[in-house]
Structure formats: structure tokens, C-alpha cells
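Undergrad: Sequence first, predicted coordinates after that:
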Amino acid sequence: MKDKRLYTTQLAAGSAVIDETRMLLDLWQPGMKISDLLQKALSSGHITNVTARRLRNLIAECYAPRYLVNNDYPAIILKQLIHNISSNLLDQMLFLFTARANLILADFIKEVYWPKYCAGHDTISNDDANNFITRANQESKTIRPWSESTISRNSGYLTSCCADFGLLETGRKRVRKINPFRIEKMMIAFLAYDLHFSGLGDNAAISHPDWELFGLEREDLREEMKRLSLKGFFIIQTAGDVTRIEWKYQTWEELINVIPEC
């Protein structure tokens, strides 16, 4: 199903902000609102060289839309995992929730990054991002028509965010090398259960657009999940286009307990 949301400029508030998110997850406690977290962050002294206004924008425009949604479940889960999993796995989890909260980023990765990656291109430029946003602007995918300067700024935010998450090379560059990007095995288990716990049926879960963020097509995913079944996460049976999955874990709490051990 096509996402009906429109593109926003929310990435301008902080792109990936991975380090800041880690610190905010440490400070945040279940039930905290934006104002509570802001006060705790200001008094903690853990986030330095950031003005109070800038910090509030980070929390309100980056942290909250990504992790304080659906009864705060992303923040609750990530807070429990943050010190017990690898940095690569945590970064991919942050990548997932960031893309979900920013449709423009998700579509750029699916429509520009992966096609160029699969076609053997070596680089992606701000001009590629600019062309992508310009087309979106013409197709009324933005909340309102964007000016050329807004398109230009957001082109840079798209490529820098991709760089922060490891899809492109880092640095202040207009043309970036494409990095090899492969989903972590435990990320497959995490995302599969995330979709299952959201109420999706087995076939809907493995066909969900979120897998496209990691360059996985349905057949590739089924093979990866069959390998994961050897670790006992689930039992997967396929017959033609029909997939049936027996899920071993029934709650997030059960899953969170085993992910760090694998």
C-alpha cells in the first residue's frame, strides 16, 4: 500500500543524530514527555555544546517522532537493548525508526540508493538527491511547494543522513561513494517480530515495504529467515507465494532477552 503521508523538512532538525539519540535513550524514562526529557538533558550535562533551543528541537523534531510513537514502544525497546547489542545492530534499528518517521528518507533510499547500488554505480551526489526532491515537489509529495533553496538544503540532509547510517561515505561532500550495506542477521529477526507484533499476518509481514530499506526482496528475505530459523527464532514454511511462520516468542520482553545472546 502506498504511503499517503507527505514529505517534510524534519530531517533538517538533525539528520541521523546517532550519538545524541544514544544519550537521550539513556536519560529517558518511560512516561517522560518532551519537556521532562529536555529538563533532564539540560541538567545532566551529558549533551554539551548545544543550546537549550537546539536541544529542544532535537528532542521534539528528531527523538520524539522516531521513538516516542505508539505508546513509546521504540524507545522502551531500544533503551533495554542499547548496552547489550553491537553498535552496528543498534544503528540499523535507529535507521529503521528514522526512515519510518521521515518518508522522504525512506523513499530516497528505496528509489535512488538501492537502484544505483544494484546497477553498480560508485557514487551518489547531492544532485541526485536534488533531482529526487524536485520530482517529488512537482508531484505534490511535499506539504507545500518547496523553494529551490529548500530543495537544495534538504538534498544535503538526505545524503548526510545516509552517510551517518553507513550507506554512503562520510564527510562534507557533494558526491559520496556508495558503501556496501548489508542488514545484520539479528536486525532481520527484530524487524520480522516488529511487523508480527504490529498485527500483520505472515505474508504481509514478509512483503512489508520496510524490508526495501535494507535492499531485501521477498525471496531473499525468505532465505535469510530460513537460516535464522536454525537459531530457533521461528519456523518458516513456504509453498509458492504463500508463507507460514510459527513464531517462537510471543512478547517483546521474550525477544529482547534473546537478541543479545545471538
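TA: Nice, thanks for sending it over.

Undergrad: in what helix or strand does the closest residue to residue 164 other than its chain neighbours lie?
TA: Leaving out its chain neighbours, the residue that sits closest to residue 164 by Cβ to Cβ, 6 or more residues apart in numbering is residue 16, at 3.3 Å. Placement of C-beta: from N, CA and C, glycine included. Taking DSSP states H and E as the definition, residue 16 sits outside all helices and strands.

Undergrad: Verify the stated contact: residue 16 with residue 96.
TA: No. Residue 16 lies out of contact with residue 96 (Cβ atoms under 8 Å); the separation is 12.0 Å.

Undergrad: quick revisit: for the residue nearest to residue 164, phi and psi?
TA: The phi/psi pair for residue 16 (degrees, to the nearest 10) reads phi -80, psi -40.

Undergrad: tell me the contacts of it?
TA: 94-95, 98, 160-161, 164-165 (Cβ atoms under 8 Å, 6 or more residues apart in numbering).

Undergrad: Need the phi and psi values for the closest residue to residue 157 other than its chain neighbours.
TA: Once flanking residues are discounted, residue 157 sits nearest to residue 11: 4.4 Å by Cβ to Cβ, 6+ apart. Note on residue 11: its backbone torsions stand at phi -60, psi -20 [degrees, to the nearest 10].

Undergrad: before we move on, the earlier item: pick out the most distant pair among the contacts of residue 16.
TA: The span of the contacts of residue 16, defined through Cβ to Cβ, is set by 94 and 160 at 15.0 Å.

Undergrad: Next, the distance between the ends of stretch 205-223.
TA: Stretch 205-223 has an end-to-end distance of 15 Å (criterion: Cα to Cα, to the nearest Å).

Undergrad: quick one: buried residues of that stretch?
TA: 205-208, 210-216, 221 (16 or more other Cβ atoms under 10 Å).

Undergrad: And for stretch 16-32?
TA: Across stretch 16-32, burial judged by 16+ other Cβ under 10 Å covers 16-18, 20-22, 24-25, 27-28, 32.

Undergrad: what separates that stretch from the chain centre, distance-wise?
TA: 15 Å (Cα atoms, centre = their mean, to the nearest Å).

Undergrad: go on, stretch 219-237?
TA: Averaging C-alpha positions (Cα atoms, centre = their mean) puts stretch 219-237 22 Å from its chain's average.

Undergrad: contacting residues around it?
TA: With contacts defined as Cβ under 8 Å, 6+ apart, stretch 219-237 is touched by 183, 185, 188-189, 192-193, 206, 211, 216, 238, 243-249, 262.

Undergrad: ends of that stretch, how far apart?
TA: End-to-end for stretch 219-237, by Cα to Cα: 13 Å.

Undergrad: can you list the domains in the protein?
TA: 10-82, 103-177, 185-261 (automatic domain parsing).
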